[in-house]
Structures are given as C-alpha cells and as structure tokens.
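A.B. asks: Pasting the sequence and the predicted coordinates here, then a few questions.
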Amino acid sequence: MTRRAPFIVVEGLDRSGKSTQASILCDHLTSLGLPVELFKFPDRRTAIGKMIDSYLRSESDLDDRAIHLLFSANRWELASTISSHLEKGTTIIADRYAFSGIAFSARKGLSYKWCQAPDVGLPAPDLTMFLDIEPDIAQARGGYGTERYEQEEVQRDVRQVFERIEKEMTHAGARWVKIDAGRTQKEVSQDVWVHVQSILDSVHHPVGTLWEEPQEGTLGSIVKV
Ligand code: Z5A
Ligand code: MG
C-alpha cells in the first residue's frame with residue numbers, strides 16, 4: 001500500500017515570505033526525489049479564482065459574505081484533487097488555506113463561526129506553519145502592493161484573528177507552528193525544514209478533515225474546534 005503523504009500549509013501575513021518559503025520547500029522535497037505539488041490559494045486560474053482576482057484588484061465589488069464564500073469554493077474545487085494526491089503519496093504544499101479565509105473575513109466584522117462554517121470538512125493539514133512578521137517589517141520589504149487588504153492597519157487586525165485561530169487549532173491538537181519570518185530567507189527555510197522533517201514519517205491514513213466530527217470507524221486526524 002502506498003504511504004499517505006503529508007499535507008503542509010504555509011500561512012502568514014502579507015509579505016511574510018509564504019510564496020518564497022513554499023517554493024523553497026517544494027524544490028527541496030523534489031531534490032530528495034519526493035513527489036510534491038504546490039497549490040496557491042486563492043487559485044486565480046479557475047472561473048471562481050478569476051472572480052476573486054477581479055475583487056482583489058478592486059475591478060469589481062462584492063458583498064463581504066459573497067466574496068468569503070467564493071474564497072471557500074475556490075478551495076473546495078481543489079479539495080478532492082488534494083486528497084487524492086495525498087492518498088497516492090504526493091506531498092501537498094498549500095500557500096495560504098482556510099485560515100486566511102477566516103482571518104481576512106472575520107476582521108471585517110463577520111462572525112468567526114460563520115466564517116469557519118463553509119470550510120468545515122476540507123482536507124486537514126498535517127502541519128501548518130504560520131510565518132509571523134511585524135507589519136512594519138513586512139512593509140519595509142518593498143512595501144505593500146495595491147490590492148485590497150494590503151495596508152498595515154488591515155494586516156494588524158488580521159494578525160489578531162490569526163492569534164485566535166492558532167489558540168483554537170493548538171487546543172484542538174493540530175500541529176500549528178509559528179515561525180519568526182522577520183529573519184533572512186535562509187534562517188526561515190532552515191526552521192521550515194526542521195518542522196517538515198518532524199512530520200514526514202508520522203502521517204496516518206486517511207486524510208483528516210477540518211473542524212468535523214470523526215465518522216464512525218475512521219481514524220482520521222480530525223481537528224475539531
Ligand atoms: N485572502 C482572503 O481574503 N481569503 C482567503 O480565503 C484567502 C486569501 C486564501 C491575496 O493573497 C489576498 O487574498 C490576501 C489574503 C486574501 N490579501 N492580503 N494581504 P495572495 O496570497 O495572492 O497575496 P499575499 O500572499 O498576501 O502577498 P504576497 O506578496 O504573495 O506575500 P508572500 O507570499 O507572503 O511573500 P513573498 O512573495 O514570498 O515575498 C514578498 C517579498 O519579500 C518578495 O520581494 C521576496 O523576495 C521578499 N522576501 C521573502 N522572504 C524574505 C526574507 N526572509 N527577508 C527579506 N525579504 C524577503
Ligand atoms: Mg504570496
């Protein structure tokens with residue numbers, strides 16, 4: 001039987017280096033001969049992703065709940081692909097995931113539980129690495145861009161919601177680690193690798209689900225909050 005591969009999520013604030021670290025990790029695993037796929041959320045290439053892209057560029061306006069559901073739908077359209085890769089032994093790295101969905105929408109004033117609900121049942125990560133950075137250090141990295149949410153004040157609020165998510169995930173037994181992303185790329189990637197190595201041999205069948213009760217007779221690593 002093929003060994004199930006790990007699902008690794010890289011989360012963090014804007015300019016914390018998520019894409020940089022996700023790509024370094026992907027290359028490193030590939031160089032070791034391990035099959036790996038990198039997903040980025042939002043995935044702006046799909047039909048739903050194109051609507052999200054237009055919203056983020058302020059080319060269109062959407063109700064706060066409507067855009068939240070689109071971000072979630074964008075994950076659901078790839079959920080079965082993620083699970084099937086994992087079951088076949090391909091490691092998945094996701095650059096942002098459901099946690100960003102909660103953090104960015106809850107900071108607008110939507111209820112935390114409402115924001116969490118559409119993502120209940122998604123494949124659960126085996127490891128989430130949160131790249132933590134002071135918003136002013138992130139700002140110094142070439143400044144924020146021009147998309148929605150790319151402002152220091154928004155990032156500070158989002159960081160507070162992420163702190164709640166971290167507490168709840170950790171309390172529920174999920175593997176959530178915070179990494180100081182204000183250091184050099186090399187220092188951060190060394191830390192990332194230490195955490196990834198620690199889970200490489202410890203994932204179990206079947207793929208867990210996020211925030212859901214275990215189904216009878218399964219041993220999934222369910223993370224219920
Ligand atoms: N969003 C949402 O509302 N709901 C959801 O469900 C999801 C997302 C999934 C777009 O996300 C927006 O969507 C985002 C959240 C919202 N809004 N905000 N903010 P995105 O993923 O497309 O965009 P982003 O990740 O926020 O921005 P980013 O620029 O891609 O950041 P990053 O990936 O963390 O950083 P990076 O590209 O790797 O690095 C940024 C720069 O810093 C670059 O020049 C690097 O060379 C440099 N860098 C990287 N690491 C270092 C270190 N260690 N030292 C110095 N410089 C570094
Ligand atoms: Mg990025």
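C.D. replies: Thanks, I have it. Numbering: from 1, shown residues only. Ligands and ions are numbered 1, 2, ... in the order given.
A.B. asks: Next, the buried residues of the one helix or strand in the chain whose mean pLDDT sits lowest.
C.D. replies: When each helix and strand of the chain is scored by mean pLDDT, DSSP states H and E, helix 135-140 comes last, with a mean of 86. Under the neighbour-count criterion of 16 or more other C-beta atoms under 10 Å, helix 135-140 has 135, 138, 139 buried. The way it works is simple: take the backbone N, C-alpha and C, and place the C-beta from them, glycine included.
A.B. asks: Need these in TSV (columns: distance to residue 100).
C.D. replies: Below are the buried residues of helix 135-140 laid out as TSV (distance: C-beta to C-beta, whole Å):
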residue	distance to residue 100
135	16
138	15
139	19
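A.B. asks: If we only consider those, which is nearest to residue 116?
C.D. replies: Among the buried residues of helix 135-140, residue 135 lies closest to residue 116 (C-beta to C-beta), at 24.1 Å.
A.B. asks: helices and strands around the longest helix along the chain, which ones?
C.D. replies: The residue-count maximum for a helix in the chain (DSSP state H) belongs to helix 64-87. The contact analysis (3 or more C-beta pairs under 8 Å, 6 or more residues apart in numbering; DSSP states H and E) places helix 64-87 against strand 36-40, helix 47-56, strand 91-95, helix 98-106.
A.B. asks: can you rerun that using 10 Å?
C.D. replies: strand 7-12, strand 36-40, helix 47-56, strand 91-95, helix 98-106, helix 112-116 (3 or more C-beta pairs under 10 Å, 6 or more residues apart in numbering; DSSP states H and E).
A.B. asks: Between the ones you listed, which one is closest to ligand 1.
C.D. replies: Proximity to ligand 1 (C-beta to the nearest ligand atom) singles out helix 98-106 among the helices and strands packed on helix 64-87, at 3.1 Å.
A.B. asks: which ones are touching residue 73?
C.D. replies: Listed by C-beta atoms under 10 Å, 6 or more residues apart in numbering, the contact set of residue 73 reads 46, 47, 48, 49, 51, 52, 118.
A.B. asks: looking at it, residue 157 is touching residue 105, isn't it?
C.D. replies: No - Residue 157 is beyond contact range of residue 105, at 11.3 Å (criterion: C-beta atoms under 10 Å).
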